[in-house]
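>>> build me a model:
(one chain, ligands or ions: 1)
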Amino acid sequence: MTTYTKTLHLPTRGHTHILDITPQVEAAVAESGLTHGLVTVFVPGSTAAITTMEYESGCVADFQRLMETLAPEDGSYTHNRRWGDGNGYAHLRAALVGPDLTVPLVQGRLALGTWQQIVLVDFDNRPRQRRVLVHILGERA
Ligand code: ZN
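A predicted model of the protein is given here:
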């Protein structure tokens, strides 16, 4: 059993910007040379999240609307009154969706469905430079 870690550097626009990072995760898996194990994708920070969805414009728009319903950007938040950074909604959305995802690696491939992409969601209220860790725990079969 061995580990391989790759850090992705991804510019985002914020405001629930959703990026399909499946190709970058697949590239990290290929670089690792590992064929069986677990792939963890993790975003450090409290205003971004990692999840999966069908990455097409309708689903992206529906997800953004759902988030706006759950925690509106212009809502009233204790965090904003305390810190004045205006991104209370982003912290709540990030906490709900979560910062990480684990995908089984089987015979050299991520065990994703055909219409299931890995996405980074940046909820913050400004553009950011995000780091995403792809951490693989596995072996060569
Ligand atoms: Zn904040």
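>>> which parts of the longest helix along the chain are buried?
Determined from DSSP state H, the single longest helix within the chain is helix 57-70. Buried residues in helix 57-70, defined by neighbour count with 16 or more other C-beta atoms under 10 Å: Val60, Phe63, Gln64, Met67. All C-beta spots, glycine's among them, are computed from the backbone N, C-alpha and C.
>>> show me the strands in this structure, by range?
2-12, 17-20, 36-42, 48-53, 100-106, 109-110, 117-122, 128-139 (DSSP state E).
>>> for the longest helix of the chain, packing partners?
Counting contacts by 3 or more C-beta pairs under 8 Å, 6 or more residues apart in numbering; DSSP states H and E, helix 57-70 packs against strand 17-20, strand 48-53, helix 88-97.
>>> closest one to the ion among those?
helix 88-97 (5.6 Å; C-beta to the ion).
>>> what angle separates the closest one from helix 57-70?
110 degrees (axes from the mean of the first three to the mean of the last three C-alpha atoms, to 10 degrees).
>>> who's Thr51 bridged to?
Val119 (DSSP bridges).
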